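>>> Make a model of this:
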Amino acid sequence: MKRIPYYFVSIISLIAFASCASVPVAPIEDRSMQKVHEVDLTKSEIYDLSLEWMARTFFDNKEVIELKDKDNGKIIGKGITFFKGKIGWFSANIPCRFTLIVEAKDNKYRTTYNNFVGLYGENQTRPEPLEQKEYVDAVKAKLAVIDESLYDCLKKSKSDTDW
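Numbering: from 1, shown residues only. Here you go, the predicted model:
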């Protein structure tokens, strides 16, 4: 009979220890993503089409686009994607804000995705930098799809000119 409290305390301690175990943290250099693409377009065409793509892809382009510099071929904007995260014992789709930078040159452009911020809390009002490797990797996978969407849009633009 005396062993029951001992086992109970042991199990509770084990659960508490397991829940406090540290989760892998992504190194700072892994908390961003950058890609360079080659396309058969001028700097100006890449800039204009990227701006149009951002307006169509993100919900409110007036709040999304923070900088438009056509002379330098640079656009900086904000976007939101989602990742599966754990909240206590449950999983949920957690919004993640990110910054997108598009830099254009003749025949190529570079995209940079950084500043990943998870929006936690009941009303997503508790922003926290995304550091857990599992979550950073999930966000980067979603951003790769977004990046591919921009590339497809720019590649396809030449074939859409003769409608």
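>>> give me the low-pLDDT residue ranges for the protein?
Within the chain, the segments meeting pLDDT under 70 span 1-22, 60-63, 158-163.
>>> residue closest to the middle of it?
Centroid-nearest residue in the chain, with C-alpha atoms, centre = their mean: residue 139, separated by 4.5 Å.
>>> got the phi/psi numbers for it?
Phi and psi for residue 139, reported as degrees, to the nearest 10, are phi -70, psi -40.
>>> do you know how far it is from residue 68?
According to C-beta to C-beta, to the nearest Å, residue 139 and residue 68 sit 25 Å apart. (Each C-beta comes from the backbone N, C-alpha and C, glycine too.)
>>> all strands in this structure, in order from the N-terminus.
Along the chain, the segments classed as strands by DSSP state E run 33-38, 65-69, 74-87, 90-105, 108-120, 126-129.
>>> in the first one, what counts as buried?
It stands for strand 33-38. The neighbour-count check on strand 33-38 (16 or more other C-beta atoms under 10 Å) flags 33, 37 as buried.
>>> what's the angle from it to strand 90-105?
40 degrees (axes from the mean of the first three to the mean of the last three C-alpha atoms, to 10 degrees).
>>> Any idea how far strand 33-38 is from the middle of the chain?
15 Å (C-alpha atoms, centre = their mean, to the nearest Å).
>>> swap in the shortest one?
Using C-alpha atoms, centre = their mean, we find the averaged C-alpha position of strand 126-129 to lie 14 Å away from the chain's own average C-alpha position.
>>> Could you list the residues in contact with it?
31, 97, 116-120 (C-beta atoms under 8 Å, 6 or more residues apart in numbering).
>>> Of these, which is the nearest to residue 130?
residue 116 (3.9 Å; C-beta to C-beta).
>>> pretty sure the closest one is touching residue 96, no?
Yes: with contact defined as C-beta atoms under 8 Å, residue 116 counts as touching residue 96 (5.7 Å).
>>> and for those two, which residues touch both?
Common contacts of residue 116 and residue 96 (C-beta under 8 Å, 6+ apart): 130, 139.
>>> which ones are touching residue 92?
For residue 92, the contact set (C-beta under 8 Å, 6+ apart) comprises 84-86.
>>> try it again with 7 Å
residue 85 (C-beta atoms under 7 Å, 6 or more residues apart in numbering).
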